[in-house]
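Peer 1: Starting from these lines, generate the structure:
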Amino acid sequence: MAQLHRRIRRLPHHRLTARVGFGVLVGALLWLSTAAARAQTPASTLVGAAELGALAERLGSDDPAAREAAVAVLRALDEDALPGIEARIVSLAGHRPPAADVSAAIADIRHGAGSRRADDQIDIGPGVLPALAVRHDATLVAVCESVVLWRALESIGTTASYRMLADLVALDGAPWEAETHRFVERVGVRLGPMLIAVRNHPNTMVRRWSRWAGTELGFDVPGRAIQLPAVAHDSTLLADTLQAYGAVRQMDAMRVLASYVGSQHAQVREAARASLALFGRNAIWAMREQLELVTGQDANPEWGWERTMTALYAAHDDARLAPVRAELAAGQAAAARADFEEMGRHYAAVLLRAPELAQRDQMAAGYASLGELRRSHADPTGAEHAYRRAVFLAPTHAQAPSWKCALLALHADLELSRGVADLHAYQRVLELAPADVRAREVLDRVSGAHASRDRVKRRVAAGAAALLLLVAAVTALSYRSERLTVRAPNPAEVSDDSDTSPGSLTAPAA
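Peer 2: Now for the predicted structure:
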């Protein structure tokens with residue numbers, strides 16, 4: 001019966017069952033992988049307030065895995081998510097739990113992090129999931145969302161994210177005061193620009209926090225703040241600090257701002273000029289003072305603040321750009337005598353110190369020549385750098401397509417040096433530049449055409465050699481046969497003395 005069962009094709013069979021089970025297993029694995037991919041979606045794509053709200057709702061889920069996934073995604077938000085976080089904070093402002101309930105929820109989160117005293121210097125972030133495991137009512141979920149967003153903004157670490165963090169703290173105010181002190185201890189002077197900017201914040205607790213932390217960190221006095229090592233050696237932090245002083249119109253910062261309008265760092269220089277302009281005529285004395293320091297001459301008292309500011313900026317620019325103009329002239333002279341390496345060094349100094357002075361088309365052509373030189377000297381990395389700078393400087397130049405073609409060829413050469421033959425790239429190079437010998441050679445060698453031609457050549461050479469040997473052998477044989485062959489005598493050529501032979505002798509006459 002069992003044998004009969006196996007022979008009937010339309011009846012169920014254990015192989016069919018196994019195949020169906022395998023298909024179900026594969027489908028389940030695919031579904032799980034898709035779900036995992038959705039759970040691991042990059043946080044940068046979740047930038048809307050609606051998506052952040054949906055994640056916040058998952059903090060209150062009965063499923064521990066869902067809560068853990070939501071916390072992981074919220075804490076991994078990056079700088080691209082700042083607009084969505086800002087919109088989410090605004091949407092939360094209208095409905096917040098009572099302050100007493102918020103304080104109780106913060107205590108529960110702190111206990112979940114292992115703290116047993118209110119003055120413990122502990123990060124309460126790790127206490128979110130343990131607290132939600134005990135209960136996940138609306139109040140605790142709201143406070144946990146604030147903690148997780150706080151850690152995300154702290155991790156982003158920009159002045160803009162810290163500014164949003166102040167707005168997040170302002171949602172509940174006083175219950176977060178102890179946490180703001182711990183936050184200052186964790187981050188330090190990088191909070192300076194934000195603390196300056198929120199001095200006039202609508203929330204009382206935030207204003208109090210700003211004054212206390214600003215004094216603790218040394219940002220209450222502008223002249224002292226810019227001398228802090230962390231600020232003086234960080235152009236971004238210095239620029240943000242100058243911009244913050246201008247935003248709040250701190251009067252004792254005007255002299256500091258005027259001293260940085262000629263900075264060698266473009267970011268700092270632009271921030272100082274923009275902030276100084278916000279003071280308008282109130283800063284004319286600082287502008288005149290700085291103008292006299294730069295030019296060595298008294299400022300014209302009849303000029304208004306705008307004309308004085310323009311003269312100050314022009315004096316700084318002339319002093320700052322004079323050596324850069326000399327570098328530009330030296331680079332142009334080096335290009336004229338075809339010393340492209342020297343040209344590249346001068347042009348690099350111009351682009352670093354004053355890119356606004358760059359003669360883009362001229363410099364791009366020079367960099368392309370430098371790339372060609374380096375490529376001929378077997379320096380693909382240096383050649384690629386030069387060609388990239390040429391394309392960057394003049395992307396619409398008439399020769400830009402050929403520079404891009406050279407970049408493509410150099411990239412293919414670099415890949416080939418790593419053991420990867422990009423035949424498509426070399427084919428594209430030949431389409432754009434049919435005369436490129438290197439691309440044609442590589443294609444011939446890698447595709448086998450070169451070896452095929454070598455085989456044909458070897459076969460032709462071998463055949464020709466065999467033919468020559470055959471001809472030589474035939475010639476030698478024929479020559480030897482002629483030497484060995486005895487020709488038959490001709491009767492007409494027999495001499496008269498032949499009758500004196502012994503056979504022809506006759507008796508003499510009597």
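Peer 1: what are the ranges of the strands in the chain?
Peer 2: Here the chain has no strands by DSSP state E.
Peer 1: Can you give me the neighbour number for the residue lying closest to E341 once chain neighbours are set aside?
Peer 2: The shortest distance from E341 to any non-neighbouring residue, by Cβ to Cβ, 6 or more residues apart in numbering, is to L370 (6.9 Å). Placement of C-beta: from N, CA and C, glycine included. Residues lying near L370 (other Cβ atoms under 10 Å) number 25.
Peer 1: mind checking how far L370 is from Y387?
Peer 2: Counting by Cβ to Cβ, to the nearest Å, the gap from L370 to Y387 is 9 Å.
Peer 1: Any stretches of this protein with poor pLDDT?
Peer 2: 1-47, 118, 416-461, 480-510 (pLDDT under 70).
Peer 1: my read: L129 touches A65, true?
Peer 2: No - in this structure L129 lies outside contact range of A65 using Cβ atoms under 8 Å: 11.0 Å.
Peer 1: Quick check: the residue nearest to E341 vs L410, distance?
Peer 2: L370 is 13 Å from L410, by Cβ to Cβ.
Peer 1: burial of the closest residue to H346 other than its chain neighbours, as a residue count?
Peer 2: Nearest residue to H346, sequence neighbours excluded (Cβ to Cβ, 6+ apart): G331, at 3.2 Å. Other residues within reach of G331, judged by other Cβ under 10 Å, total 25.
Peer 1: so what's G331 up against?
Peer 2: E342, M343, G344, R345, H346, Y347, V350, M363, G366 (Cβ atoms under 8 Å, 6 or more residues apart in numbering).
Peer 1: most surrounded residue in those residues?
Peer 2: Highest neighbour count within the contacts of G331, by other Cβ under 10 Å: Y347, with 28 neighbours.
Peer 1: What degree of burial does the residue lying closest to G280 once chain neighbours are set aside show, as a neighbour count?
Peer 2: Once flanking residues are discounted, G280 sits nearest to W305: 6.1 Å by Cβ to Cβ, 6+ apart. Around W305 sit 19 other residues, with neighbours defined as other Cβ under 10 Å.
Peer 1: got a list of what W305 touches?
Peer 2: So W305 contacts G280, R281, A283, I284, M287 (Cβ under 8 Å, 6+ apart).
Peer 1: repeat for L291
Peer 2: A299, T308, A311, L312, A315.
Peer 1: Cross these against helices and list the overlap.
Peer 2: Under the assignment DSSP state H, those contribute T308, A311, L312, A315 to helices.
Peer 1: so which of the residues you listed is the most crowded?
Peer 2: Tallying neighbours with other Cβ under 10 Å puts L312 at the head of those, with 26 neighbours.
Peer 1: Enumerate every residue touching that residue.
Peer 2: Going by Cβ under 8 Å, 6+ apart, L312 touches A258, V261, M287, Q290, L291, V294.
Peer 1: cool, and E372?
Peer 2: Contacts of E372 by Cβ under 8 Å, 6+ apart are A383, A406.
Peer 1: Could you do F219 as well?
Peer 2: Neighbouring residues of F219 by Cβ under 8 Å, 6+ apart: V189, G192, L195, I196, A225, T241.
Peer 1: one step back: neighbour count winner among L129 and A65?
Peer 2: Using other Cβ under 10 Å as the criterion, L129 and A65 rank with L129 on top: 20 against 9.
Peer 1: Contact partners for that one?
Peer 2: Applying Cβ under 8 Å, 6+ apart to L129 gives the contacts P64, R67, E68, V71, G112.
Peer 1: so the first one touches H136, yeah?
Peer 2: Going back to what we said before, that points to P64. No - if you go by Cβ under 8 Å, P64 and H136 don't touch, sitting 10.1 Å apart.
Peer 1: okay, those two: which has more neighbours?
Peer 2: Ranked by neighbour count (other Cβ under 10 Å), P64 and H136 place H136 first, with 16 against 11.
Peer 1: Grab the nearest non-local neighbour of D252.
Peer 2: Spatial nearest neighbour of D252, chain neighbours left out: P222 (6.0 Å); criterion: Cβ to Cβ, 6+ apart.
Peer 1: Tell me, how many residues neighbour that neighbour?
Peer 2: For P222, using other Cβ under 10 Å, the count is 21.
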